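Peer 1: Sequence plus the predicted model coming up.
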Amino acid sequence: MTITENDLRDLLDTDSGGGPCRGVTVADVDRRARRIRRRRLGAAGGAAAAGLAAVMAVALPAGTADVVPQDVWTGVMSQPEKRYGARLVTTTVLSERFSEMGRRIVFDIPDQARRQQTWITVYCPSGAEVLLWEGGRYHNVYTCDQRVGDEFTAALATVSDRERVEIAVVPAGSVAKLGSPLVDGDDAQRVVQLAGRSRADLRITADLYTSEPCESGPGCRFADESVPVPSGAYPLGGD
């Protein structure tokens, strides 16, 4: 940094003032230059710090304006990272009402549900028994004992033929009328015959479950949270 004419003039005035006259030395000029340099560097540093604080006040997210200058980078780095989760989406691909008990009824499974996670549920009278066939072969019997609101359901765990299911809803105690364990398709058909025909308010649903990405909102779950499994139903699994 160079010393200006005004600085030299001040130095000369000081030298020619009160007291014995003496000449201006190189050391005098050097000392005066160092003092001026320190003052100017101090002023420049203060201006730079003020400028940095102003820039960061604009750049920082809301709520960090009170971060002190020495912690300004801590304020920036401590902002929480955005989280991405998943939401379970339910699509009902089959919903049919029927009223005949004691008869085998066929239901086709829609194409989009044959190789994806699907839950099949039968709504039926409390204690009723639901027999299930897949591809014409007897699979299992279920009891309508799972309460969903004001209704009772039976959850069907299907495992083989995903193109269609066949069910027969019979009154409670119909399997016991067989007088022996229900083992195969002949036994199942005999249960249906012994039950006889009757009527009730019945319904079958097939719900397809998929997931979609989300950042927040109802049902949005993250990797460190458990995803709820739909209640009252078993999945029709994919390959």
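Peer 2: Done, it's in.
Peer 1: Tell me how far the residue lying closest to Leu194 once chain neighbours are set aside lies from Arg104.
Peer 2: Nearest-residue entry for Leu194: Lys177, 4.6 Å, with adjacent residues in sequence omitted and distances by CB to CB, 6 or more residues apart in numbering. In short, each C-beta sits where N, CA and C put it, glycine included. Here the criterion is CB to CB, to the nearest Å. By it, Lys177 lies 17 Å from Arg104.
Peer 1: and what of Leu132?
Peer 2: For Leu132 relative to Arg104 (CB to CB), the value is 10 Å.
Peer 1: Equivalent analysis for Cys220, please.
Peer 2: Here Cys220 is placed at a distance of 42 Å from Arg104 (CB to CB).
Peer 1: More neighbours: the two, which one.
Peer 2: Taking other CB atoms under 10 Å, Cys220 and Arg104 do not tie; Cys220 has more neighbours (17 against 14).
Peer 1: Report how far apart the opening and closing residues of stretch 98-111 are.
Peer 2: For stretch 98-111, the separation between the terminal residues is 22 Å (CA to CA, to the nearest Å).
Peer 1: Identify each buried residue in that stretch, please.
Peer 2: Using 16 or more other CB atoms under 10 Å as the test for burial, stretch 98-111 gives Phe98, Met101, Gly102, Ile109.
Peer 1: Touching it from outside, list them.
Peer 2: 93-94, 96, 118, 128, 131, 133, 162-171, 192, 195-204, 206, 236 (CB atoms under 8 Å, 6 or more residues apart in numbering).
Peer 1: if we go to 7 Å?
Peer 2: 93-94, 96, 133, 162-171, 192, 195-202, 204, 206 (CB atoms under 7 Å, 6 or more residues apart in numbering).
Peer 1: Please flag which of the residues you listed sit within strands.
Peer 2: Counting by DSSP state E, the part of the contacts of stretch 98-111 found in strands is 93-94, 96, 133, 164-170, 198-202, 204, 206.
Peer 1: are any of the residues you listed buried, and which?
Peer 2: The neighbour count (16+ other CB under 10 Å) marks Val93, Leu94, Trp133, Val165, Glu166, Ile167, Ala168, Val169, Val170, Leu202, Ile204, Ala206 as buried among the ones in strands among the contacts of stretch 98-111.
Peer 1: Sweet, I'm off.
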